[in-house]
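> Sequence and predicted structure are below.
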There are 2 protein chains.
Amino acid sequence: MAGKKVLIVYAHQEPKSFNAALKDTAVQELSVQGCAVTVSDLYAMGFEPRATRSDITGALSSPESFNYGVEAHEAFKRRALASDILAEQRKVQEADLVIFQFPLYWFSVPAIMKGWMDRVLCQGFAFDIPGFYDSGFLKGKLALLSLTTGGVASMYTKAGDSGDFRYFLWPLQHGTLHFCGFKVLAPQISFAPEYSSEEERKSMVASWTQRLKSLWTEEPIQCSPSWYFGQ
Amino acid sequence: MAGKKVLIVYAHQEPKSFNAALKDTAVQELSVQGCAVTVSDLYAMGFEPRATRSDITGALSSPESFNYGVEAHEAFKRRALASDILAEQRKVQEADLVIFQFPLYWFSVPAIMKGWMDRVLCQGFAFDIPGFYDSGFLKGKLALLSLTTGGVASMYTKAGDSGDFRYFLWPLQHGTLHFCGFKVLAPQISFAPEYSSEEERKSMVASWTQRLKSLWTEEPIQCSPSWYFGQ
């Protein structure tokens, strides 16, 4: 939708990959709509995933025993976080929608994207205690996971070896995004592109492009156990 | 138990932390039992979490489009993985039990430990297609997650805001460890040490030490949806 700002956090090593094609079509389609699109290409940026002392510039508030969460919170308040974290926080702050584009690694995001979550979504910026879930500081924003799997769709069903795909979304969509206040749109899951024909892959890209055309009219999902576990 | 080999994969930045105390007591108790204990102290090692081209030495099998999973699998077969990955794989191969000691970050492991899983547990080493879940290549080994939480125990119940703690264990225990063939022992969860008194923290360390005394007689959990979701 014209005027909307979108951040795409993207984690794939290869510009010719299927994940890149999904990212590229999102950039193109959203730009055509008049959105301002920013991409954080984590591998190309050499994004640092490790949460360490280096994330805090200047003195620590409790140097006798390093507590990352406490120090990051304090550093956020006194604007003393590392510049790469601040840059990502600015992008999130400006965005109306954040899309995460990644291949599923071990039922989750690749470590480089996990590090983005660990370091960027710090206390004070994304949430506080209290100030989480529906009161998370990123409320009013939308988030969407667009991911590819190694396994075929039938593996990710209640009866399949890997269980319903919604099970593995819980830590990401509920424990992370909802915790920070995001409203979460339905995930875009492209199953097993490596086991698909070129035609099937094109069809998956086309589905995503088509969905993006009416994305702004979608209702977010209900981030509650019943959506994930049918309880 | 005398003669058993244990690998502790440990992810905390601070040697004086509560996570360090849990790791230290495990090293001590298991050593007293006569186990050979190895610790991978990920932050101290500066462990690399990012899955990149650098993980493969020499030429790629498909240089025209980099596919990490495929290249890591090929590199494993021709012994061309980066030396830090090989070193960790040797430790896993020798271990009867792998303990993961970490603070919960976003319902999951910190990025540095996610990177250990992404890079070390590669196809050919930890599993193959077929050759996963009960046929995973690490079958015969035990794994155990020992973690600390930020939130208090009541948050991690079916009625709590964060849902049952078993929900967030699914991607780690089932999707990763069980996939590789590990039998998984019950998790050791130390809730909210930051909100606990010194006495309560000592009691949590003592519980863990006590449990380790009879760990080798424990039955693994049933890694099936019913354990996680009560279905």
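Perfect, thanks for sending it. This structure is a prediction, so every number in the text was calculated from the model and none was measured. Residues are numbered from 1 along each chain as shown, chains lettered A, B, ... in the order given.

> can you give me the strands in chain A?
A:5-10, A:36-41, A:97-103, A:142-148, A:183-184, A:188-190 (DSSP state E).

> Please name whichever of these is nearest to chain B.
strand A:97-103 (8.2 Å; Cβ to the nearest Cβ). Any C-beta I mention is one placed from the backbone N, CA and C, and that applies to glycine too.

> how far does the closest one sit from the chain's center?
Strand A:97-103 has its C-alpha centroid displaced from the chain centroid by 5 Å (Cα atoms, centre = their mean, to the nearest Å).

> what's the closest of the strands of chain A to residue B:31?
For residue B:31, the closest of the strands of chain A is strand A:97-103, at 40.0 Å, according to Cβ to Cβ.

> Test my guess that residue A:82 contacts residue A:57.
Yes: counting by Cβ atoms under 8 Å, residue A:82 does reach residue A:57; the two are 6.5 Å apart.

> which of the two has more neighbours?
More crowded of residue A:82 and residue A:57, by other Cβ atoms under 10 Å in any protein chain shown: residue A:82, with 16 against 13.

> Quick check: the residue nearest to the more buried one when sequence neighbours are not counted vs residue A:66, distance?
Once flanking residues are discounted, residue A:82 sits nearest to residue A:55: 4.7 Å by Cβ to Cβ, 6 or more residues apart in numbering or on different chains. Separation of residue A:55 from residue A:66 (Cβ to Cβ, to the nearest Å): 11 Å.

> do residue A:129 as well
From residue A:129 to residue A:66 the distance is 20 Å (Cβ to Cβ).

> neighbour count winner among these two?
Set side by side, residue A:129 and residue A:66 show more neighbours around residue A:66, with 19 against 10, by other Cβ under 10 Å.

> what's stretch A:199-218 in contact with?
Contacting residues not belonging to stretch A:199-218 are listed as A:1, A:4, A:18, A:21-22, A:25-26, A:29-30, A:33, A:97, A:144, A:146, A:185-186, A:188, A:190, A:193, A:196 [Cβ atoms under 8 Å, 6 or more residues apart in numbering or on different chains].

> From the residues you listed, which land in helices?
Within these, residues falling in helices by DSSP state H are A:18, A:21-22, A:25-26, A:29-30.

> Kindly reformat those residues as TSV containing pLDDT and neighbour count.
Below are the ones in helices among the contacts of stretch A:199-218 laid out as TSV (pLDDT from 0 to 100; neighbours: other Cβ atoms under 10 Å in any protein chain shown):
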residue	pLDDT	neighbour count
A:18	98	20
A:21	98	19
A:22	98	27
A:25	98	16
A:26	98	27
A:29	98	18
A:30	98	23
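
> Go through the residues you listed and say which is closest to chain B.
Ranked by distance to chain B (Cβ to the nearest Cβ), the ones in helices among the contacts of stretch A:199-218 are led by residue A:18 at 9.6 Å.

> Hmm, that closest one is touching residue A:193, no?
Yes: the pair residue A:18 / residue A:193 is scored as a contact, 4.3 Å apart, by Cβ under 8 Å.

> Between those two, which contacts overlap?
By Cβ under 8 Å, 6+ apart, the residues touching both residue A:18 and residue A:193 are A:148, A:201, A:204.
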